[in-house]
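J.: quick check, what structure comes out for this input:
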Amino acid sequence: MKIDNFVRIIDGKLRTTPPIDAFASIHLEASRISHGDLFIDTTASRELIHQALEKGAYAIVTTLSFANEDDECAWIEVTSIEQTLIKLLRYTITQKSLTIVLLSPIQEALLEMIQTPKNIKRLRGNLFAIAKTVLNAKEEERFCLSDHSLAHQIAPVAHKVETSLHVKPTIIAKGLFLSSFWHQDRYFSEQKIPSLFVEELLCLLEFCDTHSIAYSLENLGFCEHFYPQFITHALCKKEFGSSDKALIFEPHASLLPALLAYMQTHIERSHIILALPKNFHRDIPYDGEILLFDTVDELSRLAQKSFQYALILGDKEAYESLFIKTFTTQPSLF
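T.: Next up is the predicted model:
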């Protein structure tokens, strides 16, 4: 890409007069720089900038002022790396004709599960992780995203999937975790999806049908949201439904109020514990018992408490060390 064009795209300021007028690839990691590349300094680190220059970087994008590092490199100064990446992503999405599908967090996880093949990739992580993925994308690739604020900034023409239907579907719940529903004249009985999520699933399927996105519901299983792990009183893992206790993992704090309300429509509040990390400062309106913890090990206190379900803020994978035993029999897929 021409350096002058790049400077205009990101609204930066070229502080040097380099003999070169273009660069090859864009990288956010100095270790990946090859001769002729552009390095975006995301941590305001002169050490990494010098590393990139030593590896042959033609251009540097940074919030730091030029200090005579290399007069022959294109030193592009910006006021905000975050805003620079947003402008660059918006340009890249347009130039590469990328499709961005805007989903709810639930739909994002479900789409990843049901796609056959998985030709809509999930944009995960923070802005820097997403930027790496998009900058390396091929022409006309498709991505999904659940961060509505970011999507509005980088892809204002994103395809938004609805989360509610005009005609409310008939959904039959069996406890907290199983539900039955109709889709395209077919009855799906006791599927591993909470009834709270079914309408969002049906909206997603309608979107897939409209845009010819292949999917399969044959092996629908629990997604990362409201994920139940049944346990013994001593916090040993049990197979689904084989115990009267379960830990439920939810990685998105924004979903906690709705999940707590949903749980209380099925069981008494006195049988529910909400477990939150102590460094979580958002106020969650809940009048039941709240357990605060610093480390995963501190959750072992649940073994001394009386409850039926404990809703824990966090990804289930981060809590594996909590379980003192594994299955004694061959576990099922879920």
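
J.: show the contacting residues for the residue nearest the centre of the chain.
T.: A centroid search over the chain (C-alpha atoms, centre = their mean) returns Arg124, at 4.3 Å, as the residue closest to the centre. In this structure, Arg124 makes contact with 130, 133, judged by C-beta atoms under 8 Å, 6 or more residues apart in numbering. Every residue, glycine included, has its C-beta placed from N, CA and C.

J.: next one: it from Ser146, what distance?
T.: Distance of Arg124 to Ser146, given as C-beta to C-beta, to the nearest Å: 10 Å.

J.: hang on, the earlier thing: shouldn't the residue nearest to the centre of the chain be within a helix?
T.: No. Remark: Arg124 does not belong to a helix; assigned using DSSP: H, G, I helix; E, B strand; the rest coil, it is coil.

J.: that one and His183, how far apart?
T.: When Arg124 is compared with His183 (using C-beta to C-beta), they lie 28 Å apart.

J.: and Ala109, by the same measure?
T.: Using C-beta to C-beta, one gets 18 Å for the distance from Ala109 to His183.

J.: quick one: which of these two has more around it?
T.: Set side by side, Ala109 and His183 show unequal neighbour counts under other C-beta atoms under 10 Å, the larger going to Ala109 at 21 against 15.

J.: quick one, helices of the stretch 101-250 of the chain?
T.: With DSSP state H, counting those that start in this stretch as the criterion, the stretch 101-250 of the chain has helices at 105-114, 127-135, 148-154, 195-210.

J.: out of the ones you listed, which is closest to Glu250?
T.: helix 105-114 (9.7 Å; C-beta to C-beta).

J.: avg pLDDT for the closest one?
T.: The average pLDDT within helix 105-114 is 97.

J.: could you list the buried residues of it?
T.: In terms of neighbour count (16 or more other C-beta atoms under 10 Å), helix 105-114 has its buried residues at 105-114.

J.: swap in stretch 279-294?
T.: Taking 16+ other C-beta under 10 Å as the criterion, stretch 279-294 shows 286, 288-289, 291, 293 as buried.

J.: likewise for stretch 125-135?
T.: For stretch 125-135, a neighbour-count test (16+ other C-beta under 10 Å) marks 127, 130-135 as buried.

J.: which of the residues you listed sit farthest apart?
T.: Using C-beta to C-beta for every pair in those, the one that comes out farthest apart is Leu127 and Leu135, at 11.9 Å.

J.: just give the nearest non-adjacent residue to Lys13, would you?
T.: Sequence neighbours aside, Glu77 is the residue nearest to Lys13 in space, at 4.9 Å (criterion: C-beta to C-beta, 6 or more residues apart in numbering).

J.: specify the beta-bridge partners of that neighbour.
T.: For Glu77, the beta-bridge partners are Lys13, Thr62 (DSSP bridges).

J.: which residues of the stretch 1-150 of the chain fall in strands?
T.: Assigned by DSSP state E, counting those that start in this stretch, the strands in the stretch 1-150 of the chain fall at 13-14, 26-27, 38-40, 59-62, 74-77, 99-102, 120-122, 142-145.

J.: how about these in TSV, adding mean pLDDT, mean neighbour count and distance to His281?
T.: As requested, those are arranged in TSV below (pLDDT from 0 to 100; neighbours: other C-beta atoms under 10 Å; distance: least, C-beta to C-beta, whole Å):
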stretch	mean pLDDT	mean neighbour count	distance to His281
strand 13-14	98	14	37
strand 26-27	98	20	35
strand 38-40	98	25	31
strand 59-62	98	26	32
strand 74-77	98	23	35
strand 99-102	98	21	28
strand 120-122	96	18	28
strand 142-145	97	19	26
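
J.: so which of these gets nearest Ala318?
T.: That would be, of the strands of the stretch 1-150 of the chain and by C-beta to C-beta, strand 120-122, which comes in at 18.5 Å.

J.: from the chain's centroid, how far away is the closest one?
T.: Taking the mean of its C-alpha atoms, strand 120-122 sits 11 Å from the chain's own mean (C-alpha atoms, centre = their mean, to the nearest Å).

J.: quick one: Ser31 and Ala52, what's the gap?
T.: When distance is defined by C-beta to C-beta, Ser31 is 9 Å away from Ala52.

J.: please apply the same query to Thr43.
T.: Counting by C-beta to C-beta, the gap from Thr43 to Ala52 is 12 Å.

J.: between the two, who's got more neighbours?
T.: More neighbours surround Ala52 than the other of Thr43 and Ala52, with 27 against 13 (other C-beta under 10 Å).

J.: shouldn't the more buried one be in contact with Tyr58?
T.: No. Ala52 is beyond contact range of Tyr58, at 9.8 Å (criterion: C-beta atoms under 8 Å).

J.: shared neighbours, those two?
T.: Counting by C-beta under 8 Å, 6+ apart, the contacts common to Ala52 and Tyr58 are Asp37.

J.: tell me, how many residues neighbour Gln304?
T.: 7.

J.: any idea how far Ile273 is from it?
T.: Counting by C-beta to C-beta, the gap from Gln304 to Ile273 is 12 Å.

J.: span of stretch 243-256 from start to end?
T.: End-to-end distance of stretch 243-256: 23 Å, with C-alpha to C-alpha, to the nearest Å as the criterion.
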